[in-house]
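>>> The amino acid sequence is not available; the structure is as follows:
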């Protein structure tokens, strides 16, 4: 039989060795063979996603992250990888969501903590030019969820009031739903708090 979990694991280990040698394409082939041998091997999906990140094939990396989550939603490392894909795609709000999910599963995980730091820097616009901040906001406006938030009359009123009277921000941030939406819009680069 072609399906063979033992051979899948052998291919995963071979892929890991190739990855460590910097042979990304060969590692991807080994992980892919491992998945043919066992389509439920979440580690092959996770490791192949990491390898796709190395070759900047972000679409394939994201698909492997999603597949890994589908198979094993409680595997924390995959959320760090998914967040990294979103960061590279300038989707900071989605990166924040992914890293937060991972940290609920593994609060002290060093990989997740590192990605969380990078996400926070991206949210704050650390090292970004004005043009890069504008590009991030424009990219975020392609997200239907962000567009829906920006069209919500209640949220628009809150944002207008906060702009006119910054002192009202604290009052509005006490509402958990408003706070969640504002955090998402900040992460997306749509709104920025003055420093």
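That came in fine, so what should we check first? Just so it is clear, the structure is predicted and the values come from calculations on it, not from any experiment.
>>> how about the helices of this structure, start to end?
When secondary structure is read from DSSP state H, the chain shows helices at 5-20, 24-37, 42-54, 58-71, 77-88, 92-105, 110-124, 130-140, 144-151, 153-164, 169-173, 176-188.
>>> Adding mean neighbour count and mean pLDDT, write the ones you listed out as TSV.
Placement of C-beta: from N, CA and C, glycine included. Listed next are the helices of the chain as TSV, based on neighbours: other Cβ atoms under 10 Å; pLDDT from 0 to 100:
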stretch	mean neighbour count	mean pLDDT
helix 5-20	17	97
helix 24-37	20	98
helix 42-54	24	98
helix 58-71	19	98
helix 77-88	24	96
helix 92-105	21	96
helix 110-124	17	93
helix 130-140	14	87
helix 144-151	14	94
helix 153-164	14	92
helix 169-173	14	88
helix 176-188	17	91
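>>> correct me, but residue 5 touches residue 39?
No - contact criterion Cβ atoms under 8 Å: residue 5 and residue 39 do not qualify, at 10.4 Å.
>>> how far away is the residue nearest the centre of the chain from residue 101?
The centroid of the chain falls nearest to residue 83 when counting by Cα atoms, centre = their mean (1.9 Å). In this view, residue 83 and residue 101 are 9 Å apart by Cβ to Cβ, to the nearest Å.
>>> Residue 159: what's it in contact with?
For residue 159, the contact set (Cβ atoms under 8 Å, 6 or more residues apart in numbering) comprises 182, 191.
>>> For it, give its distance to residue 151.
12 Å.
>>> now swap in residue 185 and tell me
From residue 185 to residue 151 the distance is 12 Å (Cβ to Cβ).
>>> do residue 92 as well
Separation of residue 92 from residue 151 (Cβ to Cβ): 21 Å.
>>> now swap in residue 103 and tell me
The separation that residue 103 has from residue 151, given Cβ to Cβ, amounts to 30 Å.
>>> swap in residue 77?
Taking Cβ to Cβ, one finds residue 77 at 36 Å from residue 151.
>>> Then residue 23?
From residue 23 to residue 151 the distance is 48 Å (Cβ to Cβ).
>>> Same question for residue 188.
In terms of Cβ to Cβ, residue 188 sits 14 Å off from residue 151.
>>> ok, now residue 20?
For residue 20 relative to residue 151 (Cβ to Cβ), the value is 48 Å.
>>> again with residue 17
On the measure of Cβ to Cβ, residue 17 and residue 151 end up 51 Å apart.
>>> next one: phi and psi at residue 143?
phi -80, psi 120 (degrees, to the nearest 10).
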